[in-house]
Every structure is written in C-alpha cells, then in structure tokens.
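# Could you look at this predicted model? Sequence included:
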Amino acid sequence: MRIGELSRRTGVNERLLRYYEQQGLLRPDRLPSGYRVYRESDVVTVHRIRALLAAGLSTAVISQVLPCVRDDGERLVPTCQDLLRQLRRERDRMTTAIEELETSRSLLDVVITAGRSATD
C-alpha cells in the first residue's frame, strides 16, 4: 500500500509517517520511482508506535522497544527479557520529571498567592 492509504487506515498524517521512517520505526520498500510501499503489518506497527508515544516514550526509546512488544487485545505485552527493566527506567524518569514539575507548580503558587496579597 502507498503512504496515503497507510495514513487513511491509521489516522496518522503522511508527514508523521515519513518522520517514523526517518527514525527507523518504519521501513517501507521503495519502488524504482521512489514511492514508498508499506506492508499490511505496518498498520499494526503504526498503532503500536502511537500507543508507545501516548505512554510518553520518545521515538529513540520506541525504536528499541518496538521489536519487543506484541499485541494482546487492547494492550501491548513485552516479549524481551530486558524490556521491563528499560520500561521501569523510563517510568522512573517520568516520575522524577513529574515531581520536579509539581515542585515548580508549588513554588509558582506561592508567588501567585503573594501577588494576590500584595494587590489587596
């Protein structure tokens, strides 16, 4: 299938599909004319990419994770031994970022509260 059809079937615009290719997440065949030709399995791959992006993973991490997941109904299931360790590291990184943002928000709340008091 061509990129337009893959876009229609996945709901992902063509520009993003090209980006996924640049990141090594998709590997379409090329016709002599240069047109990309995607396989049926690429529809599933794009859905997996979207799910992993929604989970907060970067495309760099997804390129490592993608070969090690399979679909199990509505969820992705790890299939490689080291994948869980890597995903836990990513979750820890996210937790740290969330904690830092919560601290920043609290500090900003102090400034906002002080500003309200000053204008009363």
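Looks like it arrived, so ask away.
# Residue ranges in the protein under the pLDDT threshold?
Applying pLDDT under 70 to the chain picks out residues 120.
# got the contact list for the residue nearest the centre of the chain?
Central residue of the chain (C-alpha atoms, centre = their mean): residue 53, 1.4 Å from the mean position. Counting by C-beta atoms under 8 Å, 6 or more residues apart in numbering, residue 53 makes contact with 59, 62. (Glycine included, C-beta is placed from N, CA and C.)
# before we move on, what about residue 80?
Here residue 80 is in contact with 67-68 (C-beta under 8 Å, 6+ apart).
# Equivalent analysis for residue 36, please.
Contacts of residue 36 were listed using C-beta under 8 Å, 6+ apart, and they are 2-3, 21, 28-30.
# Now for the residues you listed: which two are most distant?
Maximum pairwise distance in the contacts of residue 36, criterion C-beta to C-beta, is 13.3 Å, between 2 and 21.
# what about residue 92, distance to residue 99?
Taking C-beta to C-beta, to the nearest Å as the measure, residue 92 falls 11 Å from residue 99.
# Contact partners for residue 49?
With contact taken as C-beta under 8 Å, 6+ apart, residue 49 is in contact with 20, 25-26, 62, 66.
# and if you look at residue 18?
residue 3.
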